[in-house]
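just the structure for this:
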Amino acid sequence: MGVSLYEGSQSYPGASGGSEPETQNIVEYIQSVLPPDTNGKDRNGMYASNTTTGVMMGLHIYGQDFFWPWAWQVPLAPNEEGLRAMGHKLASHTTPRYSTDNPSCCAGDTADWGYYYLGMATFTMEMGTDFYQECGTFEETVVPNMIRSLVYAARVAKAPYLYTKGPDVMEMDVREDDGVAVDTIVVTVKVSDSERAGGYTTGSHTISEIALYVNTHPYEGRATPAYVTTSGYTSPTETHAFTVDVSTLAVGERHILYTQAKDATGTPGPVHAIFYTKPSPPVCPVGRSEFRVELMGDGMTKRHNSYKIERQKKGTAWKYNKKGGDTEWIVIEEVYGSLDNSALHEFDICLKTDYCHRFSIKDKGGDGLCCENGEGYYKIYYEGNEVEHLKFDTGEYQRTTFGNCIESVVR
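Prediction:
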């Protein structure tokens, strides 16, 4: 059934079982990954549901179906419960949802071989609706369905007959306060025993536990969850928000948060994970904003250039007298004598956010940071944004206002 004895046919099975070199090469490769003695059977021919490992997926076109052992006979495979549970979970990742009727379709099926000899949870995925699928449909529908299904298969591969019967993580999210570094984050997890089960009996149990691990995979030895919640659950679908202490995590590095749930029978589901990068601490405290100076000196900077940062007096209108001076500003920082020729100078300071500020740069030579003495420049940044100013290539000084001002002025 499903094969042809004509040697030129695409479905020719070979002269005998395993007679074709292509088949022999595939068998050799699979057994190199999962040796035949990895999984053992009991006296009834059933593989241990909690310890059997490995998943094999065969991709075919077409039909929008999932098949699993046995493909050559009607009697159910010894691990039917786990296989059917996984079939429904795989189908839940396809749109439109693939069939899980699992008819006895064919002889010499690869899935039957992988299950019988190696114990793996083996499936055939009949993708799409046409042998020569239209390209747009293939890229937009067939491929995404395949990728989501393969990712799920990878999630449960360590113990497929166990994890497929447990709760799935439907959503996992990390919330911070607008990216500002804090000592705690909130990790919200939604888990469900039923949403991906397709009505199968293994998906009818109440959630009993949700665990969260930080930088430690649950499969690593005797991994201990950093946080676990076990009370108050009354349905197969639950959501919990963990408040997670991240004060000891390295700043700027990518960390991994893992979560896993169990149902009322004690059956665990597959592990889900997301990345979390702890942001750098804020440069300035609340009420202050970062101001940064980047200055590349010219050949006379050490002798000629200086700058200062000022703050407008609270409640006064800033004005300039005829000589260009004023008495309405308070000097916060002044830099002179420490700027080097043809070298980059950088300076940071936290300024009060609710004030108007002014940056003034001087050049005693009267030619700015240019041009006979080399190509110098300066840039200033406030609250992460570059403050616009004229190119300082002439004159003795330049002033730029920024912050909480009536208007910004460059002189």
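
tell me where the model's unsure across the stretch 251-400 of the chain.
For the stretch 251-400 of the chain, applying pLDDT under 70 flags the ranges 282, 314-327.

test my guess that I349 contacts R311.
No - in this structure, I349 is not within contact of R311 by CB atoms under 8 Å, at 10.9 Å. Every C-beta, even on glycine, is put in place using the N, C-alpha and C of the backbone.

okay, and the common contacts of the two?
Shared contacts of I349 and R311, defined by CB atoms under 8 Å, 6 or more residues apart in numbering, are found at I332.

quick check: E20 vs Y12, distance?
Per CB to CB, to the nearest Å, E20 is found 9 Å from Y12.

same question for K362.
K362 sits at a distance of 89 Å from Y12 (criterion: CB to CB).

so which of these two has more stuff around it?
Neighbour count, other CB atoms under 10 Å: between K362 and Y12, K362 has more, with 19 against 13.

quick one: residues contacting the residue nearest to that one when sequence neighbours are not counted.
Spatial nearest neighbour of K362, chain neighbours left out: Y397 (4.6 Å); criterion: CB to CB, 6 or more residues apart in numbering. Y397 makes contacts with G324, S360, I361, K362, D363, as judged by CB under 8 Å, 6+ apart.

which residues does the fourth one bridge with?
The bridge-partner assignment for K362, based on DSSP bridges, gives S306, Y397.

quick check: it vs T401, distance?
16 Å.

just checking, G58 touches T124?
Yes - G58 lies in contact with T124 (CB under 8 Å); the separation is 4.5 Å.

shared neighbours, these two?
Counting by CB under 8 Å, 6+ apart, the contacts common to G58 and T124 are T110, A111.

out of these two, which sits in the more crowded spot?
More crowded of G58 and T124, by other CB under 10 Å: T124, with 23 against 14.

for C405, see how far away that one is.
From T124 over to C405 the distance is 70 Å, taken as CB to CB.

what kind of secondary structure is T234 in?
Judged by DSSP: H, G, I helix; E, B strand; the rest coil, the three-state class of T234 is coil.

start at 58 instead
With the count now opening at 58, the last piece we talked about shows up as T291.

look at the closest residue to it other than its chain neighbours and report its pLDDT.
Once flanking residues are discounted, T291 sits nearest to T263: 6.3 Å by CB to CB, 6+ apart. T263 carries a pLDDT value of 97.

and what of T291?
As predicted, T291 sits at a pLDDT of 95.

just checking, it touches S265?
No - checked against CB under 8 Å, the pair T291 and S265 is beyond contact range at 10.7 Å.

out of the two, which sits in the more crowded spot?
S265 (19 against 7).

what about the more buried one, distance to P282?
For S265 relative to P282 (CB to CB), the value is 14 Å.

go on, S261?
Per CB to CB, S261 is found 25 Å from P282.

who has more neighbours out of these two?
P282 (18 against 13).

separation between that one and F123?
To F123, P282 is 33 Å away according to CB to CB.

and stretch 329-337, what's buried?
H329, A330, Y333, K335 (16 or more other CB atoms under 10 Å).

no, scratch that, I was asking about stretch 432-445
G433, Y435, I437, Y439, V444.

let me know the average pLDDT across the host helix or strand of M229.
In this structure, M229 sits in strand 225-232 according to DSSP states H and E. In this model, strand 225-232 has an average pLDDT of 94.

likewise for stretch 126-139?
84.

same question for stretch 61-73.
81.

hang on, S206 is in a helix, isn't it?
Yes - applying three-state DSSP, one finds S206 inside a helix.
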